[in-house]
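# Return atomic coordinates for the entry below.
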Amino acid sequence: MKTLFQQNQNISEKALQSADGTLQTSEADIRAGEQKLSLEESVARQHWGNIATKWAVDGSPEFQRILDQHEVLVQVTMPSGETFAPAQSISLEITGAPRTTASFVSAFPRVDPRNSRPKLPLQGAYSA
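As a prediction, this is how the structure comes out:
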């Protein structure tokens with residue numbers, strides 16, 4: 001539109017100003033949306049850690065299985081002050097469901113304020 005305006009004013013100055021205003025509003029909306037997504041990603045990272053957040057951001061098959069409730073993330077609280085290597089898999093027994101195995105995903109990024117223990121999320125699948 002700007003080119004048309006500069007070429008013998010084939011459009012009105014008002015139409016150019018309107019289009020420019022619309023463009024600026026759209027660009028501001030995009031920046032606001034990008035900032036909101038960045039904030040949501042930071043909140044997810046603080047809540048669930050880097051790996052689960054990457055799954056969500058990338059729309060990975062792992063995340064889709066969690067959304068479809070074919071798999072779940074299980075949060076495990078470990079004793080405070082102990083150094084250990086997390087087990088790569090654990091056995092879970094859930095009332096009303098068969099025993100299943102959960103595989104380690106990553107260390108949890110937060111501490112439970114009720115008992116000051118770091119948490120480790122584990123990914124596991126089970127049949128309900």
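# quick one: Ile66 from Leu23, how far?
Look at Ile66 and Leu23: by Cβ to Cβ, to the nearest Å, they are 39 Å apart. Yep, even glycine has a C-beta here, placed from its N, CA and C like the rest.
# quick one, which of these two is more surrounded?
Using other Cβ atoms under 10 Å as the criterion, Ile66 and Leu23 rank with Ile66 on top: 18 against 12.
# Val43: which element?
Val43 belongs to helix 13-58 when assigned by DSSP states H and E.
# and what of Gln64?
Gln64 is located in helix 61-67, with elements delineated by DSSP H and E.
# if we can go back for a sec, for the helix holding Val43, name the packing helices and strands.
With contacts taken as 3 or more Cβ pairs under 8 Å, 6 or more residues apart in numbering; DSSP states H and E, helix 13-58 sits against helix 2-6, helix 61-67, strand 117-125.
# how about the next helix or strand after the helix holding Gln64: buried residues?
Per DSSP H and E, the first helix or strand lying C-terminal to helix 61-67 is strand 71-77. Buried residues in strand 71-77, defined by neighbour count with 16 or more other Cβ atoms under 10 Å: Glu71, Val72, Leu73, Val74, Val76.
# strands paired with whichever helix or strand comes after strand 71-77, and their directions?
As assigned by DSSP H and E, the chain's next helix or strand after strand 71-77 is strand 89-92. In the sheet, strand 89-92 lines up against strand 100-104 (antiparallel) (DSSP bridges).
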